[in-house]
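Student: using only what follows, build the 3D model:
(one chain, ligands or ions: 2)
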Amino acid sequence: MAGMPRSVTEMWSSAGSTIASLMFLWAILQQYCPYELRRYIEKLTHRLSAYFYPYIKISVHEFTADGRLKRSEAYSAVEAYLSANSSRSANRLKAEMSSRDSNSLVLTMDDHELVADHFAGVKVRWVASKIANPTQPGLYHPAQPERRYYRLTFHKRHRQLITDEYLPHVVRVGKEIRTRNRQRKLFTNSPNYKWPTYKHTMWSHINFEHPATFETMGLDPAKKKDIIDDLVTFTESREFYSRIGKAWKRGYLLYGPPGTGKSTMIAAMANLLNYDVYDLELTAVKDNTELRKLLIETTSKSIIVIEDIDCSLDLTGQRKKNQKWVSDEERDGKQIEKEIGGGRRDLDPAAAAVAAAAGGGVGSSRVTLSGLLNFIDGLWSACGGERLIVFTTNYVEKLDPALIRRGRMDKHIELSYCSFEAFKVLARNYLKLDEEEGDDHPMFATVERLMKEMKITPADVAENLMPKSPLDDADTCLSRLILAMEEAKEAAEMEREVAAARKLVEEKEKKVVGMVNGSPENGVAMLPDNGVAPH
Ligand SMILES: Nc1ncnc2c1ncn2[C@@H]1O[C@H](COP(=O)(O)OP(=O)(O)OP(=O)(O)O)[C@@H](O)[C@H]1O
Ligand SMILES: [Mg+2]
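Tutor: Ligands and ions are numbered 1, 2, ... in the order given. All right, here's what the predicted structure looks like:
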């Protein structure tokens, strides 16, 4: 103070004494004034300050008054909105582990920190603050955390702009950031005995961390683009769907032989759109009512998946009664074992039995075809919105036409054997090709030729391209693939020859039987020594 002019020092000391006297007066008033008079003075002061103070304040509290357990959505949206802004301009920040990526931190503004924001040329201020909880912790009242809130301050004259445009903008952007940053989940409706939860939800979940993307999928580029465009158009068509009076959902049927990338594509879809995945195990659903409950508990921005739909439901509308059977179809050399009781091919019989005993639905499910049809496009299917329903099957021709008609399964996608274009995508992903080689490794021509002569699934290509030791380079992996293709081609040729020979024998046998039946007396005696009838 020594260097200050005398008048300023005097001004400060007189201001100080005035404040002290005012506070003293206020204390006296509080003690001796009747309650009504005090209220009146308080109201008057508020009005007076509102008259002179030109700013408006809006608070967004972390917990709403009605449900303290649930974090307010508005608070979360503002927090997300400000986190991008505050990490650039605030001086004191809070760092928390990202829920999406356990190796990164998310920065938000620390308590009592202030950040400015600009909207349409108007400056506003946000302050993060907290109120200490006044209740003392006791035996029946555990310590309550402080109540946090964000306070927005802006000038009166911008009231309309802020309430009509700025706040909706903050909520929209905040929600978008939250959707982008959220940890996506993979839900399953497994029987409760497996994962008992205190909340009686129908779904159990883990974090969804499948790394598949459309870039890594071996598919023809045109087909890939078509699927991506379809998905992106769907997500951007909210208004369109409401205008045409249709629920905002879309059904995809993925069909094709095993190992052609149906499950991988579902993961790629979820990663592209940032959706959760609900893997619906149809055979664990007790009845149609339970199916509806499961549907209601799904959220928007999600994919509901029913894998191997042909194994889960009898298409006459009745569930198959057998606990387990082995089908006699043999397609493309692969014997497919079906667990009708357990639905999925990979369920082991013991687990199926345990689940059945637990009433988890295996063997006791009474979901009907009509229940499933209603699940897909009945009245209840519209709740939530922005959902994809995906069925996968190896045998599209086995499915009831009602199940896969357009409107239920809007887009049918066939995933088939690996084409040369698809192979090139896989090779680029799996092999460390030299820069100058790019898409044209000298061995590609052989692969292309072989692909025209035989069928190979992307799964088999991927397996052969996978390095099996640190020393494996592109040449080794490609040689292995070519060898495998040549062997498979030879095996297929041999199989074809055997099949042709067998057919010939069968035809000849038929002829002989015909001849025998034609001359009942001595037909058998007419056969030559080798047992084959002459032409
Ligand atoms: N088109 C593809 N692009 C990239 N990888 C693929 C492709 N198809 C299959 N794969 C690879 O093969 C493996 C099996 O694929 P996936 O599980 O998606 O096949 P699927 O069609 O679901 O088979 P299934 O009918 O037996 O369920 C995956 O690990 C994946 O890496
Ligand atoms: Mg699959």
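
Student: and M202, backbone torsions?
Tutor: According to degrees, to the nearest 10, the main-chain angles of M202 amount to phi -80, psi -20.

Student: quick one, what contacts it?
Tutor: Counting by Cβ atoms under 8 Å, 6 or more residues apart in numbering, M202 touches N189, E290, K293, L294, E297. (C-beta placed from N, C-alpha, C; glycine too.)

Student: against W203, how distant is the third one?
Tutor: To tie it back to what came earlier, the one meant is K293. To W203, K293 is 10 Å away according to Cβ to Cβ, to the nearest Å.

Student: the residue of the chain found nearest ligand 2 and ligand 1, how far apart?
Tutor: At 3.3 Å from ligand 2, S263 is the closest residue in the chain, using Cβ to the ion. Taking Cβ to the nearest ligand atom, to the nearest Å as the measure, S263 falls 3 Å from ligand 1.

Student: and the next helix or strand past the strand or helix carrying that residue?
Tutor: If you go by DSSP states H and E, S263 is part of helix 262-273. Downstream of helix 262-273, the next assigned helix or strand under DSSP H and E is strand 276-279.

Student: what average pLDDT does that following strand get?
Tutor: When pLDDT is averaged over strand 276-279, the result is 94.

Student: near ligand 1 at all, it?
Tutor: No. Judged by Cβ under 6 Å from any ligand atom, strand 276-279 makes no contact with ligand 1; its nearest approach is 12.4 Å.

Student: try stretch 291-310
Tutor: No. If you take Cβ under 6 Å from any ligand atom as the test, stretch 291-310 misses ligand 1, and the best it gets is 6.6 Å.

Student: may I see the buried residues of that stretch?
Tutor: Within stretch 291-310, the residues scored as buried using 16 or more other Cβ atoms under 10 Å are 291-292, 294-295, 298, 301-310.

Student: ok, stretch 46-64 next?
Tutor: Neighbour counts over stretch 46-64 (16+ other Cβ under 10 Å) mark I56, V60, H61, E62, F63 as buried.

Student: over to it now: how far is its first residue from its last?
Tutor: One end of stretch 46-64 to the other measures 25 Å (Cα to Cα, to the nearest Å).

Student: quick one: mean pLDDT for that stretch?
Tutor: Mean pLDDT, computed over stretch 46-64, is 83.

Student: same thing with stretch 222-237?
Tutor: Averaging pLDDT along stretch 222-237 gives 95.

Student: cool, and stretch 379-390?
Tutor: Averaged across stretch 379-390, the pLDDT comes to 85.

Student: quick one: buried residues of that stretch?
Tutor: For stretch 379-390, the neighbour count (16+ other Cβ under 10 Å) marks S381, G384, E386, R387, L388, I389, V390 as buried.

Student: ligand 1 contacts on the stretch 201-350 of the chain?
Tutor: Residues of the stretch 201-350 of the chain lying near ligand 1 (Cβ under 6 Å from any ligand atom): M217, G218, L219, P258, G259, T260, G261, K262, S263, T264.

Student: one more time with 8 Å, if that's ok
Tutor: Taking Cβ under 8 Å from any ligand atom as the contact definition, the stretch 201-350 of the chain meets ligand 1 at 212, 216-219, 254, 256-265, 307-308, 345.

Student: swap in the chain?
Tutor: Neighbours of ligand 1 within the chain, by Cβ under 8 Å from any ligand atom: 212, 216-219, 254, 256-265, 307-308, 345, 392, 394, 415, 418, 422, 425-426, 429, 457-459, 461-463.
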